[in-house]
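Visitor: Quick one: sequence and predicted model below, then my questions.
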Amino acid sequence: MRKALQRFCLHRKNSAANGLGLVLRPNVADRDVIRQVACLCILLSEFRKCQQRRHNRDNDGRALIAAAVFPTFTRTLQAFVCLLEFLAHPCCPLGSIPRLRPCNPNPFTAPAQSLGTTLLVVFRLKNLSYPCLIILWPSVDWDAMKALVVQKPGVVELVNIDDPVPGPGWVRVRVCAVGICMTDFEVIQGTIEARYPLIPGHEWCGIVDAVGSPSDQAWIGRKVTGDNEITCGECVYCRRSEWRRCPHYEQIGFETSGGYAEYLLVPTSNLHSLPEEVSFDQGAILEPLGVGLAVAKLAQTRPGLTAIILGAGPIGLNCLTALKASGAIRILCLDLRKFRLEFARSWGAAEVYTDPGELAAAAARLHPEGTDIVVDTTGDIEIVRAGIELTCFGGAFVPAGFCRHKSMEIEPDTIHLKNMRVLGAGCNSGFTGVAARCVAAGTLLTESMITHHYRLEEYSSALSRDTVAADGYIKGIFVP
Ligand SMILES: [Zn+2]
Ligand SMILES: [Zn+2]
């Protein structure tokens with residue numbers, strides 16, 4: 001009997017009839033939501049077949065979900081919310097039912113405490129309804145979450161660990177999307193400063209599902225991203241907004257647990273609320289957009305200045321969009337990968353090059369008064385050197401790529417005699433909030449750079465340098 005209960009069961013009534021029923025039972029040992037999704041997918045595909053057979057003409061492709069919920073267990077509801085979001089997500093195999101709309105009570109936003117385990121779901125298409133009963137049985141280890149942990153440099157494991165519990169002034173975020181950043185590769189390899197064992201992931205978006213202080217209750221159910229810097233807020237450096245110098249400075253995804261997990265803890269003061277229209281994917285890549293906006297601000301970009309971006313990866317593209325939005329003109333891009341250059345062109349790069357020599361010749365032709373702003377995102381010493389050369393008198397050179405501790409020789413007079421500004425862009429506190437405002441207002445949208453989605457289970461392929469180097473790859477996202 002126990003064995004039977006531990007298997008997922010599908011009780012489907014006659015699919016040609018008006019009602020479709022499904023009972024899902026999470027396995028006590030294996031709590032992975034994906035199997036439940038598989039069962040639900042079977043149900044939904046049956047529903048679609050049935051719907052198409054009967055109502056070919058009336059099919060407007062919209063499904064409406066009504067959920068009747070009974071207050072018992074909280075975790076099972078969260079699993080169900082995961083299912084709904086997964087179904088609405090672009091990586092869902094049922095991409096053709098994208099517009100599932102939850103209605104009252106809205107399980108996306110209702111406080112988890114007040115909702116429960118048994119859901120009556122009604123799929124409604126114009127005049128016809130297909131009620132579907134989904135029962136998610138609670139099991140003992142629902143309180144453990146999946147997380148990708150870097151145990152020590154070079155050793156990554158997918159583990160089940162206790163759900164984090166927020167302390168006073170903190171919230172718990174259920175992670176819905178988290179960006180895979182090249183900096184995470186450095187964290188995994190141990191070439192950048194981090195504290196191990198560590199859950200990486202500093203580009204995250206999700207929904208607040210628990211708070212540590214009763215006064216923060218209003219955050220529950222809200223879609224959020226946030227700043228990663230954790231500081232004391234009281235020392236002389238914090239008062240001067242020089243967060244990185246705070247003696248208590250820590251960064252989410254580097255010194256404290258990041259978003260490569262189902263849940264993440266964040267100080268309430270770091271949160272940025274996002275409107276419903278901003279997708280989880282877009283929300284997850286606000287941090288790198290913040291880097292682009294910080295670069296544009298540091299370089300004092302204004303309308304009419306010319307620019308070059310070295311490297312058309314995610315950071316280069318974010319710099320491109322931010323510089324363009326700030327008024328820079330005739331922006332030239334350099335990258336070795338033609339696919340990325342074509343993408344940069346579609347985002348407004350004037351000319352694109354794979355050869356630094358050709359780029360220099362084009363800059364002389366297209367920027368006759370010199371290039372005002374040069375941004376390096378490659379971290380390649382030779383490219384950095386070329387970038388300094390390309391920067392005009394009084395111009396700004398912005399190193400925004402990680403050089404992996406390599407050193408280079410430089411003739412200081414190059415900088416001195418050109419009155420050049422060299423502006424490090426490695427720490428951009430506060431710009432995620434700026435990015436959130438721009439995206440919420442619809443003035444900057446960067447989601448189209450996302451080319452790949454992965455589950456945490458697919459980490460070995462998602463975190464392989466071969467994957468990232470492949471043609472067609474720009475930005476990957478984990479959907480925990
Ligand atoms: Zn990053
Ligand atoms: Zn401080």
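Guide: Arrived safely, thanks for sending. Ligands and ions are numbered 1, 2, ... in the order given.
Visitor: Correct me if wrong: residue 319 contacts residue 310.
Guide: No: counting by Cβ atoms under 8 Å, residue 319 does not reach residue 310; the two are 9.7 Å apart. Just so you know, the C-beta spots here come from the backbone N, C-alpha and C atoms, and that holds for glycine as well.
Visitor: which neighbours do the two share?
Guide: Both residue 319 and residue 310 are in contact with 375, 377, where contact means Cβ atoms under 8 Å, 6 or more residues apart in numbering.
Visitor: More neighbours: these two, which one.
Guide: Neighbour comparison, residue 319 and residue 310: the larger count goes to residue 319, with 35 against 28 (by other Cβ atoms under 10 Å).
Visitor: Name the helix or strand for the more buried one, please.
Guide: helix 314-325 (DSSP states H and E).
Visitor: Enumerate every residue touching the spatially most central residue of the chain.
Guide: Centroid-nearest residue in the chain, with Cα atoms, centre = their mean: residue 284, separated by 2.4 Å. Contact partners of residue 284, counting by Cβ under 8 Å, 6+ apart, are 176, 177, 178, 179, 203, 204, 205, 225, 259, 477.
Visitor: Can you report phi and psi for it?
Guide: phi -70, psi -20 (degrees, to the nearest 10).
Visitor: So what touches the strand or helix carrying residue 160?
Guide: Using DSSP H and E, the secondary-structure element containing residue 160 is strand 155-162. The contact list for strand 155-162 (Cβ under 8 Å, 6+ apart) reads 141, 143-151, 188, 456-457, 459-460, 463.
Visitor: mind redoing it with 6 Å?
Guide: 144, 147, 148, 149, 150, 188, 456 (Cβ atoms under 6 Å, 6 or more residues apart in numbering).
Visitor: Dump the residues you listed to JSON lines, plus secondary structure.
Guide: What follows is the contacts of strand 155-162, written out as JSON lines (DSSP: H, G, I helix; E, B strand; the rest coil):
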{"residue": "144", "secondary structure": "strand"}
{"residue": "147", "secondary structure": "strand"}
{"residue": "148", "secondary structure": "strand"}
{"residue": "149", "secondary structure": "strand"}
{"residue": "150", "secondary structure": "strand"}
{"residue": "188", "secondary structure": "helix"}
{"residue": "456", "secondary structure": "helix"}
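Visitor: Export the residues you listed as a markdown table, with columns for neighbour count and distance to ligand 1.
Guide: Output for the contacts of strand 155-162, formatted as a markdown table (neighbours: other Cβ atoms under 10 Å; distance: Cβ to the ion, whole Å):
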| residue | neighbour count | distance to ligand 1 |
| --- | --- | --- |
| 144 | 14 | 27 |
| 147 | 26 | 19 |
| 148 | 26 | 16 |
| 149 | 19 | 19 |
| 150 | 23 | 15 |
| 188 | 21 | 13 |
| 456 | 18 | 18 |
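Visitor: Mind picking the one among those that's closest to residue 379?
Guide: residue 188 (16.6 Å; Cβ to Cβ).
Visitor: if I look at the closest one, how far off is residue 296?
Guide: 30 Å (Cβ to Cβ, to the nearest Å).
Visitor: ditto for residue 326
Guide: 4 Å.
Visitor: separation between the residue of the stretch 351-480 of the chain found nearest ligand 2 and residue 226?
Guide: In the stretch 351-480 of the chain, no residue comes nearer to ligand 2 than residue 429, which is 11.8 Å away by Cβ to the ion. Remark: distance between residue 429 and residue 226 (Cβ to Cβ) = 12 Å.
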